[in-house]
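> Task: produce atomic coordinates for the following.
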Amino acid sequence: MRSFKSLLVLFGTALIVALNPLPAWGQQAEPPCKTECCGPFWTVFWVVTVFLFLFFVVTFLGLLRSKEWSLADAVSEEAGNQPATLPPGQKPVMVASSSRLVALLGLLGILTMFIGTGYYLLWSMFCKGTVPQLWEVMRFFYGGAAMFAPYLVNQLKEAFSAFAPK
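Model (predicted):
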């Protein structure tokens, strides 16, 4: 639990630093919004950020307290040499899966970019009054989705292995 508190302090500090950037040396800091309409954006920003943070903390704590779930099992897959029948209460043999780990890391990266793009879209709508074209961002997301390719290929291999000759 001590490391979790340290993680919360680190996250809070990073959030404060990220949201309060210092102006570059020798330059005047100009406000990010030149209109008075940015108040609703910051309200939405903080409500969404706090909701997401609480959602992830509650989920994280729930998973830590669970006796049946572990991250190691989640990013592992069943080994191919399982016994025909497992005794009651015994879990199958699991082996590490790099494709699942890559998929998890890719999901976290894409989730971060998706939330950041959503924040930018809201800022642009509330503060600038325009909706930006996001075609270039969509290409980036399609490229990022390629991180899931190893996991997809692995799952397709398992699905079609039933048709392979023995």
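
> ok, Ala162 - contacts?
Contact partners of Ala162, counting by CB atoms under 8 Å, 6 or more residues apart in numbering, are absent. For every residue, glycine as well, the C-beta is placed using N, CA and C.

> how much space between it and Leu156?
In this structure, Ala162 and Leu156 are 12 Å apart, going by CB to CB, to the nearest Å.

> On the three-state scheme, Gly89 is what?
Taking DSSP: H, G, I helix; E, B strand; the rest coil as the rule, one finds Gly89 in the coil state.

> let me redo that: Tyr142
Three-state secondary structure (criterion: three-state DSSP) places Tyr142 in helix.

> Next, count neighbours for it.
For Tyr142, the number of neighbouring residues by other CB atoms under 10 Å comes to 9.

> Could you do Ala103 as well?
The number of residues packed near Ala103 is 20, by other CB under 10 Å.

> That one: what's it in contact with?
Here Ala103 is in contact with Met147, Phe148, Pro150, Tyr151 (criterion: CB under 8 Å, 6+ apart).

> Give me the subset of those residues lying in helices.
For the contacts of Ala103, membership in helices holds for Pro150, Tyr151, with DSSP state H as the criterion.

> now the lengthiest helix in the chain: mean pLDDT?
When the chain is parsed with DSSP H, its longest helix is helix 38-65. Averaged across helix 38-65, pLDDT comes to 85.

> Looking at the contacts of Ala103, which one is closest to Arg65?
Within the contacts of Ala103, proximity to Arg65 (CB to CB) peaks at Tyr151, which comes in at 27.3 Å.

> Just say helix, strand or coil for the residue nearest the centre of the chain.
When the chain is reduced to its mean C-alpha position, the nearest residue by CA atoms, centre = their mean turns out to be Leu108, at 2.6 Å. Using three-state DSSP, the three-state assignment for Leu108 comes out as helix.

> No further questions, thank you.
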